[in-house]
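> have a look; sequence and predicted model below, questions after that.
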Amino acid sequence: MTRGLSAEASFSADDDVRRRQQKPLIAVAMASPSELEFEMLDGIRAGAGGWDVVVLSGGYETPLRRLAETGELAGAIGDFVSDAWVDNLRVRGVRIVQLAQGSRLSVSANIGADFHQMGHDAVDALLRNASREIGLVGITGQDASQQIRLGAGSHPGLAGITICETTVATLPLLQTWLAAMTRPCGVVAASDRLARMVVMAARNLDLKVPNDVAVIGIGNQRMESIFAGVRISSYELPNRAIGRAAADLMARMLADPRTRNPGDVFFPARLIERESSLRLPLGVSRAVAFAESHFAEAIQVDDLARAAGVSRRSLEIATREEHGVSPGALIAGVRRREAERLLKSEDLAVERIGALCGYPEPERFSAAFKRWTGLSPREFRRQIRASGSRRR
């Protein structure tokens, strides 16, 4: 909850001592709350130790400034516009943690997803799927778009990249840009919303997705795939982990004002390849891609065989030859990797992790995980955390 606002306030060392003796008031600033921001907020709340947390959305600048003026605001977490703007908060003793996506700051630690690596890896996936030219659709001035462009441009297999960066993406603009590209082409979009618009622009030009235009977005937002009419290949952002890391840093700064800026921290994101970018020939590679994008569902070996366009028996033989395992073990391997990743990096309940990995019944998940690792999910998580504590 927030406390009363006064028109004028000044910050002093006494204010800081008094403020730290109270329940710290932390503002979380979100320009446009969405499913992704709510995941980040979950991570922040998981790391908030006895704080009062107020969420400011939309035009948060004025209420945030007023909170700072009261002298009661201990810290702010958000994606802020510039160093100069943040300095107005810092001079009042407000600790700042930057959730870098729109911009980066030099006066604060920047915590976020590794968009640079995403750009590089997306190009790798599109070239692997026979794209002759690569394009980027981004937002002018947005740090995430800039990092994606830099990462894509650093790929050794790429001579150049066709860029469409704009403050407002429209279908006519995207259609004109897309029509000039050499096909088959691949497009990396800075969000799933932009990816959906690329799909719509391609259809308006009578181009096939992915045969003529392969598309990869960022955010893994299911509604955009529904609106696009095709499952969009997309990066799943580690937003809960980012939020938790931001909260952990804020906690250290509140406990000790002398805490030094630890430097930028960027988390890897996982690419989930789906129909919008896969030009893979029929066979085991399609079965693997299907397993990696549908492992949370109740898929069976027959589903993999249909995706691969072969009989179940043919898939059994080919999978053992290429991967040394059965198709069923291939599905289990994907689920195991995801379960271990979530147990290591997320604070989700074990039951929730099991459901996300294709095991809606907790008992089945626990039995499967113990079969894979010799440990129950909870024992595995305890060991990982104990190991991390010892390293620190």
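Nice, I can see it. Numbering: from 1, shown residues only.
> which of the residues in stretch 339-350 are buried?
339-343, 345-348, 350 (16 or more other Cβ atoms under 10 Å). C-beta here means a position set from N, CA and C on the backbone, and glycine is covered the same way.
> sorry, wrong one. I was asking about stretch 52-62.
Those would be 52-56, 60, for stretch 52-62 by 16+ other Cβ under 10 Å.
> between the buried residues of stretch 339-350, which is nearest residue 188?
residue 341 (23.1 Å; Cβ to Cβ).
> how much space between that closest one and residue 207?
35 Å (Cβ to Cβ, to the nearest Å).
> switch the buried residues of stretch 339-350 over to JSON lines; also include pLDDT and distance to residue 269.
Shown next, in JSON lines, are these (pLDDT from 0 to 100; distance: Cβ to Cβ, whole Å):
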{"residue": "339", "pLDDT": "94", "distance to residue 269": "18"}
{"residue": "340", "pLDDT": "94", "distance to residue 269": "17"}
{"residue": "341", "pLDDT": "89", "distance to residue 269": "11"}
{"residue": "342", "pLDDT": "90", "distance to residue 269": "14"}
{"residue": "343", "pLDDT": "92", "distance to residue 269": "18"}
{"residue": "345", "pLDDT": "80", "distance to residue 269": "12"}
{"residue": "346", "pLDDT": "81", "distance to residue 269": "14"}
{"residue": "347", "pLDDT": "80", "distance to residue 269": "18"}
{"residue": "348", "pLDDT": "86", "distance to residue 269": "17"}
{"residue": "350", "pLDDT": "94", "distance to residue 269": "23"}
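> would you format the residues you listed as CSV with secondary structure included?
Converted to CSV, the buried residues of stretch 339-350 look like this (DSSP: H, G, I helix; E, B strand; the rest coil):
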residue, secondary structure
339, helix
340, helix
341, helix
342, helix
343, helix
345, helix
346, coil
347, coil
348, coil
350, helix
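> what's the residue nearest to residue 280 when sequence neighbours are not counted sitting at in phi/psi?
Of all residues not flanking residue 280 in the chain, residue 286 sits nearest, at 5.1 Å (Cβ to Cβ, 6 or more residues apart in numbering). With angles defined as degrees, to the nearest 10, residue 286 sits at phi -70, psi -40.
> in this structure residue 286 contacts residue 310, no?
No - Residue 286 is beyond contact range of residue 310, at 9.1 Å (criterion: Cβ atoms under 8 Å).
> can you check what pLDDT the model gives residue 1?
Looking at residue 1, its pLDDT stands at 35.
> and for the residue nearest to residue 280, the neighbour number?
18 (other Cβ atoms under 10 Å).
> same check on residue 85?
14.
> is it in a helix, a strand, or coil?
helix.
> from here on, call the first residue 33.
In the new numbering, first residue 33, that becomes residue 117.
> ok, it - contacts?
Residue 117 sits next to residue 93 when contact means Cβ atoms under 8 Å, 6 or more residues apart in numbering.
> same question, residue 333
344, 347-348, 358-360, 363.
> tabulate those residues (CSV), appending pLDDT, secondary structure and neighbour count.
Shown next, in CSV, are these (pLDDT from 0 to 100; DSSP: H, G, I helix; E, B strand; the rest coil; neighbours: other Cβ atoms under 10 Å):
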residue, pLDDT, secondary structure, neighbour count
344, 92, helix, 14
347, 91, helix, 24
348, 93, helix, 17
358, 94, coil, 14
359, 94, helix, 25
360, 94, helix, 13
363, 95, helix, 24
